[in-house]
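Trainee: sequence and predicted structure below; questions after.
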Amino acid sequence: MIERQLWHPVALAGEIADAPQAVRLLGEDLVLWRDGEGAVHAWADRCPHRGAKLSLGRVVEGEGGPQLECPYHGWRFESGGRCTHVPALPSFVPPATNRATTYAANEAGGLVWVRIAAPAETESPIPVFAAELDTGMRKIDCGPYDVETSAPRLVENFLDMAHFGFVHEGWLGARDMAVIDDYRVDPTPNGLLATGCKAWQPQSTVNSTAPAQVEYTYEVTAPYTAVLTKVPDAASVGIDDYRESIALYICPMEHERSRVWFRFATSDFARDEASVRAFQDTIFLQDKPVLESQNPKRVPLDLRAELHTVADKASSLYRRQLKARGITFGVC
């Protein structure tokens, strides 16, 4: 399964501290924990001795630094996964084969990323959020949001402007202003780029003071990751050279269950973070019941399974790319 060879976000990096934390990815239970150097580790959440969840254990000091201790029999494992100590047999030296199952883990953009399997050929990097390196934009994490739907459905919703006037009426759109002008979609090495996307919005951002025509750019940077950049009319936000970019990060926990974060980048350094999160909560919680109502919850890759219009050309290309890449998780 190609998805196992890709990097996926599983938790906010700041949430992984002194205690191990359980997460779910691609139908598998994982445990996250930090060693003495602060490096994050991702393992199968199963002790190789009798299968207890390591996430119920604790991080303890051992020879060479912090180790993860199993809650059942106290077996200890060093950061590389090797068992170092069996309390029931103090003089026993565990062989190198006594070890936990470890996965690749990394941190980027405020999140912990995990790759379950080594790439068969070319490695796919952690998706890049261009605004991350822009010191003129502050970054705010929103979420997580757990949604009973597949990751591809969430990406398609993120790319979709035609629902603004109905799902987000009075916020991102209005029923009598729901026309979607033509826009351009081009494939990229990692996904697609949609440009010239325009929408009339009563309140395009938390900073909006008046309705405005807003131009969007959408980019899919990995199968379950996307970025939007919006440029509202300057007069509608009251901030000169205002910029805003939002990254959508999805953890595909199950075929039909996902965890979502938004990484919000804004050139406004004055507004409090709570109001930014409240605005994002409002918008996404309007999407959530509609997303969970879609049937099937997995995206059909047979383009004949659902109807399409020219307003859907971004999601139509996205589906073709999933099929060409061999994605199977969250699709049907």
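Mentor: It's in. Residues are numbered from 1 along each chain as shown.
Trainee: how about the secondary structure of the spatially most central residue of the chain?
Mentor: Closest to where the C-alpha atoms of the chain average out (C-alpha atoms, centre = their mean) is Tyr249, at 2.1 Å. Three-state assignment for Tyr249 (DSSP: H, G, I helix; E, B strand; the rest coil): strand.
Trainee: distance of it relative to Glu256?
Mentor: 18 Å (C-beta to C-beta, to the nearest Å). For the C-beta atoms, the positions are set from N, CA and C on the backbone; glycine is no exception.
Trainee: for the residue in the chain sticking out farthest from the centre, give me the pLDDT.
Mentor: For the chain, the residue at maximal distance from the C-alpha centroid (C-alpha atoms, centre = their mean) is Ser91, at 45.0 Å. As predicted, Ser91 sits at a pLDDT of 92.
Trainee: assign it to helix, strand or coil.
Mentor: Ser91 - assigned by three-state DSSP - is coil.
Trainee: partner strands of the helix or strand harbouring Val227, with direction?
Mentor: Secondary structure assigned from DSSP states H and E places Val227 in strand 225-232. According to DSSP bridges, strand 225-232 forms sheet pairs with strand 212-222 (antiparallel), strand 244-254 (antiparallel).
Trainee: which helix runs longest in the chain?
Mentor: Ranked by number of residues, the top helix in the chain under DSSP state H is helix 273-293.
Trainee: mean confidence (pLDDT) on the following helix or strand past that helix, please.
Mentor: Using DSSP H and E, the helix or strand that follows helix 273-293 in sequence is helix 313-325. Computed over helix 313-325, the mean pLDDT rounds to 97.
Trainee: between strand 212-222 and helix 313-325, find me the angle.
Mentor: Interaxial angle, helix 313-325 versus strand 212-222 (axes from the mean of the first three to the mean of the last three C-alpha atoms, to 10 degrees): 0 degrees.
Trainee: packing partners for helix 313-325?
Mentor: Packed against helix 313-325 by the contact rule (3 or more C-beta pairs under 8 Å, 6 or more residues apart in numbering; DSSP states H and E) you find helix 151-159, strand 184-188, strand 191-201, strand 212-222.
Trainee: closest to Val114 out of these?
Mentor: Closest to Val114 of the helices and strands packed on helix 313-325, according to C-beta to C-beta: strand 212-222, at 13.5 Å.
Trainee: for that closest one, which outside residues touch it?
Mentor: 6-7, 124, 127-129, 155, 158-159, 161, 188, 190-201, 204, 226-233, 235-237, 314, 318, 321 (C-beta atoms under 8 Å, 6 or more residues apart in numbering).
Trainee: by how many degrees do that strand and strand 184-188 diverge?
Mentor: Between strand 212-222 and strand 184-188, the angle comes out at 20 degrees (the same axes, to 10 degrees).
Trainee: Lys53 and Pro71 touch, don't they?
Mentor: Yes - the pair Lys53 and Pro71 passes the contact test of C-beta atoms under 8 Å, sitting 7.3 Å apart.
Trainee: which regions of the stretch 201-332 of the chain sit below the pLDDT cut-off?
Mentor: Within the stretch 201-332 of the chain, the segments meeting pLDDT under 70 span 233-235, 238.
Trainee: which residues are in contact with stretch 116-131?
Mentor: By C-beta under 8 Å, 6+ apart, stretch 116-131 touches 4-7, 25-26, 28, 103-104, 106, 108-109, 113, 137, 139, 190, 221-222, 225, 227, 229, 245, 247, 263, 265.
Trainee: no, scratch that, I was asking about stretch 34-52
Mentor: Under C-beta under 8 Å, 6+ apart, the answer for stretch 34-52 is 10, 13, 16-18, 22, 28-33, 53-55, 59, 65-66, 68, 70-73, 75, 77, 79, 81, 83, 98-107, 112, 114.
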